[in-house]
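Engineer: Please find the sequence and the predicted model below.
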Amino acid sequence: MEIKETNIYETDELVGQYCDFQYGDEYFGVTNFAKACAHKAVAYAKETNYSKALDLGCATGYASFELAKTFDYVDGIDYSQAFVNVGRELQRSRHISYTQNGEGEIKTRKEVSIDDFNFGNVSSKVHFSQGDACALAPEFTGYDLIMATNLIDRLYQPHLFLKSIHERLNANGIFVLTSPYTWKEEYTDKEFWVGGYADENGQEITTLNALMDMLGEHFELVAIEDVPFVIRETPRKFQYTISQMSVWKKE
Ligand SMILES: C[S@@+](CC[C@H](N)C(=O)[O-])C[C@H]1O[C@@H](n2cnc3c(N)ncnc32)[C@H](O)[C@@H]1O
C-alpha cells in the first residue's frame, strides 16, 4: 500500500503554512500548538528518565527542538522531506525563511532565528529523518516518550502504526497522541479509518473508543485533554481546531 499520491505536505504552500504555524505568531490568544504539546508531554513523562524521545510526524520540527530542552536525545521523523529539511536548515544555518500568504497573490517573506526560541543550545540533540510512521525502520526504538500530534488521521494505514508502537517504548514509557479525528478519504481509505463511522450493526465507532480497543492491551490510558490550535491560511482566514490529546502509559 502506497501513501496517497499527492502529498500536500511537500508543497511550498504547506511548508510556508507549517513554518508559520510552528515558528510564527500566535493568534486569538491560543498558545503555539507544538510548544503546548511538547510541554504537556514532558510533564506526562516526568516519571521517565528523560533519555530519548520521538516526535513522529514532526513537520517542521518545533516540538522536536522543544523536547530537546528536557530530553537527552530526540528523533524527529516526518514523511515529508520538505518539512524535515526545514528543521535541518534551522540546525545548519540557525535561521529559516518562509513565505506567508497575504491577500490574493501577495506573499510576505518571514525569517526566524534559532535564538528566537532558545533552541541554539539543544539543537544538536535533535536528529531529523524522513520516514514513514506506518513502516518505521527498526533502529527507531527505546524511547521514554513517543509523541504523535495530529498524525493518525493523516496516515494511510493508521492501525499499522498504532498496533506496533508499544514495541518502541521503554517500560513505563509514555505515548502522547493528539488528533482532531478529521478522517478524510483524501488521506486514509475509509476501510482504515480508526473511528468516525458506523459499523455493520449501525453502532457509531468513535476514535477514542477505537483507540482504547487498539491500545488497551499494552497501555493504560492516563489522561485525556483538549488542546486547541490555530492555523493561519491568509490574513483573514484561520483554522481554529480542537485536538484531543490522549496520554498512554506502557504497561
Ligand atoms: C497535520 S500534520 C501535523 C504536524 C505536527 N505534528 C503538528 O502537530 O502540527 C501531519 C504530519 O504528518 C506527516 N505524515 C503524514 N503521513 C505520514 C507518515 N506515513 N509517516 C510520518 N509522517 C507522516 C505529514 O507530513 C505532516 O507533517
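Structural biologist: Looks like it came in fine. Keep in mind that what you see is a predicted model, and the values were worked out from it rather than measured. Numbers count the residues shown, from 1 in each chain.
Engineer: Quick one: low-confidence residue ranges for the stretch 1-150 of the chain.
Structural biologist: 1-6, 10 (pLDDT under 70).
Engineer: So which residues on it come close to the ligand?
Structural biologist: 3, 9, 33-34, 57, 59, 78-80, 83, 132-134, 149-150 (Cβ under 6 Å from any ligand atom). Glycine gets a C-beta too; all of them are placed from N, C-alpha and C.
Engineer: List buried members of those residues by neighbour count.
Structural biologist: 9, 33-34, 57, 59, 78-80, 83, 132-134, 149-150 (16 or more other Cβ atoms under 10 Å).
Engineer: So residue 97 versus residue 119, what's the distance?
Structural biologist: 16 Å (Cβ to Cβ, to the nearest Å).
Engineer: So for those two, which residue has more residues nearby?
Structural biologist: residue 119 (24 against 12; other Cβ atoms under 10 Å).
Engineer: Just confirm that one contacts residue 90, I think it does.
Structural biologist: Yes - the pair residue 119 / residue 90 is scored as a contact, 7.3 Å apart, by Cβ atoms under 8 Å.
Engineer: any common contacting residues for these two?
Structural biologist: Shared contacts of residue 119 and residue 90, defined by Cβ atoms under 8 Å, 6 or more residues apart in numbering, are found at residue 65.
Engineer: and residue 183, what does it touch?
Structural biologist: Here residue 183 is in contact with 153, 190, 193-197, 207 (Cβ under 8 Å, 6+ apart).
Engineer: starting at the chain centroid, how far to the strand or helix carrying residue 82?
Structural biologist: Applying DSSP states H and E as the criterion places residue 82 in helix 81-93. Distance of helix 81-93 from its chain centroid, counting by Cα atoms, centre = their mean, to the nearest Å, is 16 Å.
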